[in-house]
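Chemist: Any chance you can model this:
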Amino acid sequence: MARVGAVIVGVAVLAAVFGPWLAPYDPAAQELALRLEGPTGLHWFGLDELGRDIFARILSGARISLLVGLVVVGVSSTIGILLGSVAGYVGGRIDEVISRAIDILLAFPGLLLAIAMVAVLGPSLTNVVLALSLIGWVGYARLVRGQVLRSREFDFVQAARALGATTPRILARHIIPTTLPAVSVQATLGMGGAILAEAALSFLGLGVQPPTPSWGTMLNYGRGHLLDAPHLTVFPGLAIAILVLGFNFLGDGLRDALDPATRGRRT
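Modeler: The predicted structure follows:
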């Protein structure tokens, strides 16, 4: 399943990178005379309510989804690694403050907080990334803190401390690298969550604004035609489901590969 996930993610990346050249039509081009037409040999996924080619718009929407996922995971993991490593290694009041902040944010549903933040800041792709990043760091910080609490007792860390290495050097050279395998798994799984969250916000009108194609926006426009033109929602929904499953399969494969206990059971 990890290989299947890798193939799905690879195809999505290729579609996002080469989408403008692969798309047979301009995602914004309209053929009003053929609006709501179903899949044909010329338009593989059919046309939407404005006569725009759905296949071309899905290829263009893949770029938005992957961009949001990469930026959100990158920013969230960076913040989480820094705060989690400091909290786990330094301890004391710093650990108490960061841990209580994590507990407070975990007490609220992440998507609801994102909706509230985007509603205050205004609907846009930038604000979606900002809201998801400010919420997403919590899981990484909690994971890294637990890893650091164990790693700081290792012999090589104690030796570095005895030799007079500074705290930033110990964290950067000795402790944070030991957390990267677990963070890699969390980041891979987090990509799927970020893509789902972006689609949900766009579906509610708080994310990517028209005429920029977004899978969530396409679902929102298609929900009024579920009976007469179901292809408007079927294909964007399948794109979201398949890509999220791909990242989940890939994350599970990485977790099995990087977990010594799992490798031992397989052996």
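
Chemist: What count of nearby residues applies to residue 192?
Modeler: By the measure other C-beta atoms under 10 Å, the count of residues near residue 192 is 23. Bear in mind the C-beta positions are built from the backbone N, C-alpha and C, glycine included.

Chemist: so who does it touch?
Modeler: Contacts here follow C-beta atoms under 8 Å, 6 or more residues apart in numbering; on that basis residue 192 touches 69, 243-248, 251.

Chemist: again, only using 7 Å
Modeler: 244, 247-248 (C-beta atoms under 7 Å, 6 or more residues apart in numbering).

Chemist: Pipe those into TSV and attach pLDDT, secondary structure and neighbour count per row.
Modeler: As requested, the contacts of residue 192 are exported to TSV (pLDDT from 0 to 100; DSSP: H, G, I helix; E, B strand; the rest coil; neighbours: other C-beta atoms under 10 Å):
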residue	pLDDT	secondary structure	neighbour count
244	93	helix	21
247	93	helix	25
248	91	helix	18
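
Chemist: For residue 53, grab phi and psi.
Modeler: Backbone torsions for residue 53, taken as degrees, to the nearest 10, come to phi -70, psi 120.

Chemist: quick one: it and residue 47 touch, right?
Modeler: Yes: between residue 53 and residue 47 there is a contact under C-beta atoms under 7 Å: 6.3 Å.

Chemist: what about these two, which has more around it?
Modeler: residue 47 (28 against 25).

Chemist: I'd guessed that one sits against residue 40; true?
Modeler: No: Residue 47 is beyond contact range of residue 40, at 9.0 Å (criterion: C-beta under 7 Å).

Chemist: quick one: the helices in this structure?
Modeler: Using DSSP state H, the helices of the chain run over 2-22, 54-90, 92-106, 110-121, 125-151, 155-162, 167-170, 176-203, 215-222, 231-258, 260-266.

Chemist: Can you lay out those as CSV showing distance to residue 36?
Modeler: Listed next are these as CSV, based on distance: least, C-beta to C-beta, whole Å:
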stretch, distance to residue 36
helix 2-22, 23
helix 54-90, 11
helix 92-106, 43
helix 110-121, 30
helix 125-151, 27
helix 155-162, 63
helix 167-170, 60
helix 176-203, 20
helix 215-222, 10
helix 231-258, 8
helix 260-266, 49
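
Chemist: Ranked by average pLDDT, which of these falls at the bottom?
Modeler: Lowest mean pLDDT within these: helix 260-266, a mean of 49.

Chemist: Which of the helices of the chain sits closest to residue 28?
Modeler: For those, the distance to residue 28 is smallest for helix 54-90, at 8.6 Å, taking C-beta to C-beta.

Chemist: list the helices and strands the closest one packs on?
Modeler: For helix 54-90, the contact count by 3 or more C-beta pairs under 7 Å, 6 or more residues apart in numbering; DSSP states H and E identifies helix 2-22, helix 92-106, helix 125-151, helix 176-203, helix 215-222, helix 231-258 as packing neighbours.

Chemist: redo that, cut-off 8 Å
Modeler: If you count contacts as 3 or more C-beta pairs under 8 Å, 6 or more residues apart in numbering; DSSP states H and E, helix 54-90 packs onto helix 2-22, helix 92-106, helix 125-151, helix 167-170, helix 176-203, helix 215-222, helix 231-258.
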